[in-house]
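*Asks:* Sharing a model prediction with you, sequence too.
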Amino acid sequence: MKFDTPATTNPIDRLKVVGQPIHRIDGELKTSGQARYAYEWNDLDTPYAYGYPVGAAIAKGRIKIMEVAAARRAPGVLAVVTALDVGSLAKGEYNTANLFGGDKIQHYHQAIAVVVAETFEQARAAAALVDVEYAEEVGRFDLAAEQDAAVKPDDSQDPDTAVGNFDAAYNAAQFTLDETYTTPDQSHAMMEPHASIAAWQGEDLTLWTSSQMIDWWRSDLAKTLGIDKEKIHLMSPYIGGGFGGKLFLRADAVLAALGAKAANRPVKVALPRPLVMNNTTHRPATIQRIRIGAEPDGKITAIAHESWSGDLEGGVPETAVNQTRLLYAGAHRMTAMRLATLDLPEGNAMRAPGEAPGLMALEIAMDEMAEKLGMDPIQFRILNDTQVDPEKPERPFSQRDLIGCLTVGAERFGWSARGKPGSTRDGGWLVGMGVGAAFRNNLVMPSGARVKLDNAGVVTVETDMTDIGTGSYTIIAQTAAEMMGIAVDKVTVRLGDSRFPVSAGSGGQFGANSATSGVYAACVKLRGLIAQKLGFNSENAVFEDGKVRSGNRVVDLAEAAGPDGLVGEDKMEWGDLTKTHQQSTFGAHFVEVGVDMATGETRIRRMLAVCAAGRILNPITARSQVIGAMTMGAGGALLEELAVDTRRGFFVNHDLAGYEVPVHADIPHQDVIFMDEADPMSSPMKAKGVGELGLCGVSAAIANAIHNATGIRARHYPITLDKLIGGLPDVS
Ligand code: MOS
């Protein structure tokens, strides 16, 4: 099915099941420990062996000698596979660096060997005996030092945009701002580490893993191993978080496959936490310069956003200027991204790549500009709203209610009580409120599904879609239930298996809308087959209460299925509506903080997100996504930073003790409001994504609240107390 004209009324609009607050159908399996994650599969007869990876101890250079004799002799060792033994392996399409093989070291903790033994402890002990001699080369590890050497990425990255004459308009503006903001490298820090179990049967490989994108992984694993994709059966039905860190094939899968082949046993490999930080991807640090010119009435006349980030050779920029191309009006504008070569671990997508760090800068700049103009920051944003793509005014937004989010939020949060910077105290606390606009593009991806109706009236949905904790199982069950006119408990959902139709996968907040649209398409197919079998006109057949009705004929679905059942399979594909219309999601974040007058410690007191993101398929799972994202934004504002050792080229705080993320005690009352929307341009579901929107703008809202509390303008994340303490009022 191709979605190329705006949606009209369809069975989803009944909203008997879709849009209802249904608890996640996989919740009981998860809370009772029955949902098995990648490392936990144990249904093979052959005993498993354990693979322990060895990571490179240098950041750049070559392996000269790898001494593995002692490891091979160690107790319980079944095999040692080294990068030198396997030689150069092909790089996957979606990876920047090679995951394994050959003598070249591109980053610290690149996998260079895997030791396979009878037990995990034996494998780990033997891995410590591997002795490596390197030829080390000088690397580049410091973004600030490499900023001037950064280059314009190639045109496929769409690095530059310009409309009008920014310089002239900026120079002519009565009010101007020119500031630089920085965001650090961040880790996805998902709970479940990257893990895989590989088992070979002859030339056929079965892999249980933790992957957001089943088909990407399968293709890239086939390419890396040099085998036919059809020979790989990949499964990832439950995932303990990903946030983008599991979008692309990682070393655990390659090492498990090679280790299992060498040991002739099924092999489990989990990346130890330090390897998660340095072996896999991270969100790259940015340096962002923002200039805004405005007239005394508050209208923006000129806006520029430049961003610098780094990656390994052949890598990509962090697209931190994305939102500035679309969020605010202004006749004269420019954006630019520059990419430095860094020999740090591979940078790549982390939740809301581009917009998350971009808004950390832009939404402070907007707060600063409002202050210069003597305007309320909400009014300043409302005044500069645009209903068309400001770079291409012929393209309207499909739907855009940033103003609604700001005004509803202001009312609910009690914004009118906000005082002047540094003026509100509560005992030893300086108290302040801040706001940040939220923006994230709404992407769509082709997505397929297979829907089976059996002779008990049960519908089974199969798609390789993944559930990374987001609620995919539940919203897919709701979609099939609504389309087929049955209760949710009559739907079985099977996900994350390469034997099922290729789906959108989980990423870029495109999963919910795209994958349910694929299920919609398959259900339309199945409804047609049922109607055809019964001799009904599929246009006017009504599917309701477990029955299908046409005129005065009513047949139970179970009966319609017949003894063999019926199967509908289809795929949703997308036409030009994303080109004719700009599809984005909007929101507003409100935060109240207290800053300890003596120590500079910031505590968040209240948070509110208002989201305008199309139809909300399930208010419970959507709310949970936004709450999680707001929590991540709190981490980004106050805690999270991968500390770079700029001499040796690695992330030092490579565990969950040193890489700090918020815990329950850091997070106060959180509220989420969804605007009542349905976007007919987005899909037949009329839905969009919210999982990333919830993160966009939160950290800046916190920074702005800190400014309102203390009068201190922080422009460098995370805003730890050392960045505030020198500017606090004298309390002696
Ligand atoms: Mo998301 S960073 O595309 O998982």
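*Replies:* Okay, I see it.
*Asks:* need the contact list for the closest residue to the ligand within the stretch 401-550 of the chain.
*Replies:* For the stretch 401-550 of the chain and the ligand, the shortest gap (C-beta to the nearest ligand atom) falls at Gly507, measuring 3.1 Å. Using the backbone N, CA and C atoms, a C-beta is placed for each residue, glycine as well. Neighbour list for Gly507: 212-213, 244, 247, 349 [criterion: C-beta atoms under 8 Å, 6 or more residues apart in numbering].
*Asks:* so where does it fall, helix or strand?
*Replies:* If you go by DSSP states H and E, Gly507 is not part of any helix or strand.
*Asks:* What's the biggest helix in the protein, counting residues?
*Replies:* Longest helix in the chain, counting residues (DSSP state H): helix 511-534.
*Asks:* Could you name the helices and strands sitting against it?
*Replies:* Contact here means 3 or more C-beta pairs under 8 Å, 6 or more residues apart in numbering; DSSP states H and E; on that basis helix 511-534 packs against strand 447-453, strand 459-462, helix 472-484, strand 547-550, helix 557-561, strand 566-574.
*Asks:* who in this structure is up against the ligand?
*Replies:* 212, 242-244, 247, 349-351, 353, 507-508 (C-beta under 6 Å from any ligand atom).
*Asks:* So among those residues, which ones count as buried?
*Replies:* Buried members of the residues of the chain next to the ligand, counted by 16 or more other C-beta atoms under 10 Å: 212, 242-244, 247, 349-351, 353, 507-508.
*Asks:* Read off the pLDDT value for the residue of the chain found nearest the ligand.
*Replies:* Nearest to the ligand in the chain, going by C-beta to the nearest ligand atom, is Gly244, at a distance of 2.5 Å. Confidence at Gly244, expressed as pLDDT, is 98.
*Asks:* Kindly report the same for Ser732.
*Replies:* According to the model, Ser732 scores 60 on pLDDT.
*Asks:* gap between stretch 32-50 and the chain center?
*Replies:* The chain centre lies 27 Å from the centre of stretch 32-50; the measure is C-alpha atoms, centre = their mean, to the nearest Å.
*Asks:* what does the average pLDDT come to for it?
*Replies:* Over the span of stretch 32-50, the pLDDT mean works out to 92.
*Asks:* next one: stretch 79-92
*Replies:* Taken as a whole, stretch 79-92 has a mean pLDDT of 96.
*Asks:* Please tell me how far Tyr659 sits from Lys2.
*Replies:* Computed as C-beta to C-beta, to the nearest Å, the Tyr659 to Lys2 distance reads 44 Å.
*Asks:* My guess is Asn537 contacts Ser550. True?
*Replies:* Yes - using C-beta atoms under 8 Å, Asn537 is in contact with Ser550, at 6.3 Å.
*Asks:* mind listing what Trp216 touches?
*Replies:* Shown in contact with Trp216 (C-beta under 8 Å, 6+ apart): 93-94, 247-249, 505.
*Asks:* got it, and His107?
*Replies:* Going by C-beta under 8 Å, 6+ apart, His107 touches 56, 59-60, 97, 278, 312, 343-346, 649-650.
*Asks:* Name the SS class of it, please.
*Replies:* Of the three states, His107 takes coil according to DSSP: H, G, I helix; E, B strand; the rest coil.
*Asks:* low pLDDT regions in the stretch 1-150 of the chain?
*Replies:* Within the stretch 1-150 of the chain, no range satisfies pLDDT under 70.
*Asks:* got the residue ranges for the helices in it?
*Replies:* Ranges of helices in the stretch 1-150 of the chain, per DSSP state H, counting those that start in this stretch, are 27-31, 69-73, 83-86, 120-127, 143-146.
*Asks:* The third one packs against which elements?
*Replies:* If you count contacts as 3+ C-beta pairs under 8 Å, 6+ apart, helix 83-86 packs onto strand 61-67, strand 111-117.
*Asks:* now it, how far from the chain's geometric center?
*Replies:* 33 Å.
*Asks:* Residues touching that helix, excluding its own?
*Replies:* With contact meaning C-beta under 8 Å, 6+ apart, helix 83-86 is reached by 63, 66, 100-103, 111-113, 258.
*Asks:* how about those in TSV, adding neighbour count?
*Replies:* Shown next, in TSV, are the contacts of helix 83-86 (neighbours: other C-beta atoms under 10 Å):
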residue	neighbour count
Ile63	21
Met66	20
Phe100	23
Gly101	22
Gly102	16
Asp103	17
Ala111	24
Ile112	24
Ala113	27
Leu258	26
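*Asks:* What is the nearest of those residues to Leu327?
*Replies:* Closest to Leu327 out of these is Ala111 (40.3 Å), distances taken as C-beta to C-beta.
*Asks:* what's the distance between the closest one and Gly293?
*Replies:* Counting by C-beta to C-beta, the gap from Ala111 to Gly293 is 50 Å.
*Asks:* now Ala709
*Replies:* To Gly293, Ala709 is 28 Å away according to C-beta to C-beta.
*Asks:* What of Thr182?
*Replies:* Thr182 sits 23 Å away from Gly293, taking C-beta to C-beta as the criterion.
*Asks:* Assign Asp671 to helix, strand or coil.
*Replies:* With three-state DSSP as the basis, Asp671 sits in strand.
*Asks:* tell me the SS of the residue lying closest to it once chain neighbours are set aside?
*Replies:* Leaving aside its chain neighbours, Asp671 sits nearest to Leu608 (4.5 Å; criterion: C-beta to C-beta, 6 or more residues apart in numbering). Each residue gets one of three states, and Leu608 gets strand by three-state DSSP.
*Asks:* ok, now which ones touch Leu608?
*Replies:* 409, 412-413, 589-591, 670-673.
*Asks:* so which of those residues is the most crowded?
*Replies:* Tallying neighbours with other C-beta atoms under 10 Å puts His589 at the head of those, with 35 neighbours.
*Asks:* Can you tell me how far that residue is from Glu40?
*Replies:* The value you get for His589 to Glu40, if C-beta to C-beta is used, is 37 Å.
*Asks:* Secondary structure element holding Asp252?
*Replies:* Per DSSP H and E: helix 251-263 holds Asp252.
*Asks:* what about that helix, average pLDDT?
*Replies:* Helix 251-263 comes out at a mean pLDDT of 98.
*Asks:* what lines up beside the helix or strand following it in the sheet?
*Replies:* Downstream of helix 251-263, the next assigned helix or strand under DSSP H and E is strand 267-270. The pairing partners recorded for strand 267-270 under DSSP bridges are strand 49-55 (parallel), strand 195-201 (antiparallel).
*Asks:* The first one to helix 120-127, inter-axis angle?
*Replies:* It stands for strand 49-55. Our comparison of strand 49-55 with helix 120-127, counting by axes from the mean of the first three to the mean of the last three C-alpha atoms, to 10 degrees, yields an angle of 40 degrees.
*Asks:* Okay, buried residues for the longest helix of the chain please.
*Replies:* Buried, per 16+ other C-beta under 10 Å, within helix 511-534: 511-531, 534.
*Asks:* before we move on, what about stretch 356-375?
*Replies:* For stretch 356-375, by 16+ other C-beta under 10 Å, it's 356-371, 373, 375.
*Asks:* do stretch 19-36 as well
*Replies:* Using 16+ other C-beta under 10 Å as the test for burial, stretch 19-36 gives 19, 22, 24-26, 35.
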